[in-house]
Every structure is written in C-alpha cells, then in structure tokens.
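J.: Fold the stuff below for me.
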Amino acid sequence: MQELPKRVVIASIAVAAIVMLAALCDLFMGVPFSGQFTMVMDILFIISGGIVIYLGLNSYQELS
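T.: Have a look, this model is predicted:
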C-alpha cells in the first residue's frame, strides 16, 4: 500500500516539470501561447512549478 503515494508524488513532479517546460518555451520562444500579456503568467507558472517540484522531492524523501 506504500506504492500509491510514491506514484502520486512522482506524477505531480512530472506534471509540474511539464508546466515549467511549457512556460519556459512560451517565455523565451513564444511557442505554445505567445500572447501579449503572458509574460507575468509564465513567470508565475515557473515559480509555482519549482515550488511543487521542491515539495514533491521533499515528500518523496520522507516516503522512502
């Protein structure tokens, strides 16, 4: 039963990394969204993705 929380944490880290990658691509290349007012949202997505990854890694270490 210990396997499911680890999978959920790994999935949340993966989703946060995908969101960060999309925000970085949009910020530097303007690829997925390329709107005029998306720079602030991209920066906020990068910061929040980093926070989720940090918290996920902490949780994964506590589960191990």
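
J.: in what helix or strand does the residue positioned nearest the centre of the chain lie?
T.: Per C-alpha atoms, centre = their mean, the C-alpha nearest to the average position across the chain is that of Ala16, at 1.8 Å. When secondary structure is defined using DSSP states H and E, the element that contains Ala16 is helix 3-28.

J.: contacting residues around stretch 53-62?
T.: Stretch 53-62 has contacts (C-beta atoms under 8 Å, 6 or more residues apart in numbering) with 6, 9-10, 12-13, 16-17, 20. The C-beta positions use only the backbone N, C-alpha and C, and glycine is treated the same way.

J.: ok, and for the helix or strand hosting Tyr60, which residues are buried?
T.: Remark: Tyr60 resides in helix 39-63, with elements defined by DSSP H and E. In terms of neighbour count (16 or more other C-beta atoms under 10 Å), helix 39-63 has its buried residues at 42, 45-46, 49, 52-53, 56, 59.

J.: what angle separates that helix from helix 3-28?
T.: Interaxial angle of helix 39-63 relative to helix 3-28 (axes from the mean of the first three to the mean of the last three C-alpha atoms, to 10 degrees): 160 degrees.

J.: which sections of this structure are below the confidence cut-off?
T.: Within the chain, the ranges that satisfy pLDDT under 70 run 1.

J.: The same query, at a cut-off of 80, please.
T.: The chain contains residues with pLDDT under 80 at 1-2, 30-37.

J.: if we can go back for a sec, tabulate the buried residues of helix 39-63 (CSV), appending distance to Ser34.
T.: Supplementary listing: these in CSV, determined by distance: C-beta to C-beta, whole Å:
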residue, distance to Ser34
Asp42, 11
Phe45, 15
Ile46, 16
Gly49, 19
Val52, 24
Ile53, 25
Gly56, 29
Ser59, 34
